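K.L.:
what follows is a predicted protein model with its sequence.
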Amino acid sequence: MSTTTTSHSPESEGCPQAGGRDAAGRDTGVRGARVIRTEATTEIPVHLLFRDESEPVSVTLAPAVVSRRRDVGAPLRAQPGKGEGEQPRTARRTPAPLPPRPVPEADPELTERPARVLPGIAGVLAGAAGAAGGVLVSWWAGVLPSLAVAALGLPDRAGTGLGGPQWAALAGCGALGLFGFGGLARGRTGRAWVLGLFGRYRGTVRRTGLMWVNPLLLRRRVDVRLRHWRSEALAAVDANGVALRVVVLVVWRVKDTARAALGVEDHQRYLCECVEAALARVLAQLPADVSPNAPAAAWGADAPALRNTEAVSDALTRLVAADAAAVGLQVFSAQPLGVEYAPEVAAVMQRRRIAALDARHRDKVLTSVVDSVEDTVTRLTVRGLVELDDYERKALVKDLTVAFYTGHGDR
């Protein structure tokens, strides 16, 4: 079926000229239609209006237009445009890149810095000095028990008792001893202390061994070792809306202790929620499996599906690392350990996948059989072993196809 467009020149039909004047040169008041003198008849099949976008189609143009297009050197191809009746086509779905989104910013005031601490020997000396001062004041006041005096080897002294100066000296010695011994702390490898005073961040201690820390500071222990978190089966959906259950393994550590301890209420829970949000966002971009209608070449390791765990792991790691960086967490990898269908759709999807695998196997076997038959018939005729007419050739092809297909089915 086709449509025909026909145009005639003004000379052949006797129509008025484009300027609107008659043969005598008088103005007729009627303006003629604007035509192309070199216009020719062109037949455009109707099916071209509904052609596939992937098939290039050439259309014969008028001679004048062809000459102008050849001067420019542009290819003669029909371009789709508005008003041509072309039907919209559903493009093949490809994994679209993740759209940009705002990343949480870290609080500039919460930045890890080392706290001021003293070696542990300073605290031991201060505590010992306070204890020794308290003993001497008690001995000077004469209130030290005789048994302790004899044990320490001090001479007997009859003091005047505890007065105001003695009480002040005992208080000072007691405070010195408490500060000295109360500030002793032991730092361990992989652990850090976040120090604060009256709600203000005072620094982080990452030293190991015996040290002295101001006992008035509030200590909050943070684990800075390399850690991993294995999630439970998290619910998600793929690009087709199929319910999934995914288990994720996250390898991470605390990089900035100030942000991890003070920037969020619970940094471990925050990391878990970031993983769940990123997982839902990544899995919604791709289907769980390649479509059964896809060609066999699309069933490889690089197919755009959630079975390509390397690509999914990279995208998931980028999203989780960007979200967790705001609270001082460093994420090294976030990879799905298993992507399974939800129990309510597992049986249906399993049957669908088995049917798709069976169809692929049948297609592969049929292709192999056809190639074998073609090779056998070609060799027989080329070498002159047999001479076949059309009927005999068809019969031989039929018999060989049945024999080869039966042989493949027995394997």
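P.N.:
Yep, that arrived.
K.L.:
just the buried residues of the helix ranked longest in the chain, please?
P.N.:
Longest helix in the chain by number of residues (criterion: DSSP state H): helix 343-382. Under the neighbour-count criterion of 16 or more other C-beta atoms under 10 Å, helix 343-382 has Met349, Ala356, Val369, Ser372, Val373, Val377, Leu380 buried. Placement of C-beta: from N, CA and C, glycine included.
K.L.:
same deal with stretch 203-215?
P.N.:
Buried, per 16+ other C-beta under 10 Å, within stretch 203-215: Gly203, Thr204, Val205, Arg206, Arg207, Met211, Trp212, Val213, Asn214.
K.L.:
which parts of the stretch 201-350 of the chain are helices?
P.N.:
Ranges of helices in the stretch 201-350 of the chain, per DSSP state H, counting those that start in this stretch, are 257-262, 267-283, 309-324, 343-382.
K.L.:
one step back: nearest to Asp390, out of the buried residues of helix 343-382: which one, please.
P.N.:
Within the buried residues of helix 343-382, proximity to Asp390 (C-beta to C-beta) peaks at Val377, which comes in at 12.4 Å.
K.L.:
pull the contacting residues for the closest one.
P.N.:
With C-beta atoms under 8 Å, 6 or more residues apart in numbering as the criterion, the residues that contact Val377 are Arg393, Leu396, Val397, Leu400.
K.L.:
so the third one versus Leu385, what's the distance?
P.N.:
Using C-beta to C-beta, to the nearest Å, Val397 is found at 16 Å from Leu385.
K.L.:
thinking again about what came up before, dump whatever helix or strand comes next after the longest helix of the chain to PDB, restricted to CA.
P.N.:
Per DSSP states H and E, the first helix or strand lying C-terminal to helix 343-382 is helix 390-409. The C-alpha coordinates for helix 390-409 follow below in PDB (Å, rounded to 0.1, in the frame of the first residue of the first chain):
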ATOM      1  CA  ASP A 390      15.600 -30.100  -5.400                       C
ATOM      2  CA  TYR A 391      13.300 -32.800  -4.200                       C
ATOM      3  CA  GLU A 392      16.200 -35.200  -3.300                       C
ATOM      4  CA  ARG A 393      18.000 -32.300  -1.600                       C
ATOM      5  CA  LYS A 394      15.000 -31.500   0.600                       C
ATOM      6  CA  ALA A 395      14.500 -35.100   1.500                       C
ATOM      7  CA  LEU A 396      18.200 -35.500   2.400                       C
ATOM      8  CA  VAL A 397      18.100 -32.300   4.500                       C
ATOM      9  CA  LYS A 398      15.000 -33.500   6.300                       C
ATOM     10  CA  ASP A 399      16.500 -37.000   7.100                       C
ATOM     11  CA  LEU A 400      19.800 -35.500   8.300                       C
ATOM     12  CA  THR A 401      18.000 -33.000  10.500                       C
ATOM     13  CA  VAL A 402      16.000 -35.600  12.200                       C
ATOM     14  CA  ALA A 403      19.000 -37.900  12.700                       C
ATOM     15  CA  PHE A 404      21.300 -35.200  14.000                       C
ATOM     16  CA  TYR A 405      18.600 -33.700  16.300                       C
ATOM     17  CA  THR A 406      17.800 -37.200  17.700                       C
ATOM     18  CA  GLY A 407      21.500 -37.700  18.300                       C
ATOM     19  CA  HIS A 408      21.700 -34.500  20.200                       C
ATOM     20  CA  GLY A 409      18.700 -35.300  22.300                       C
END
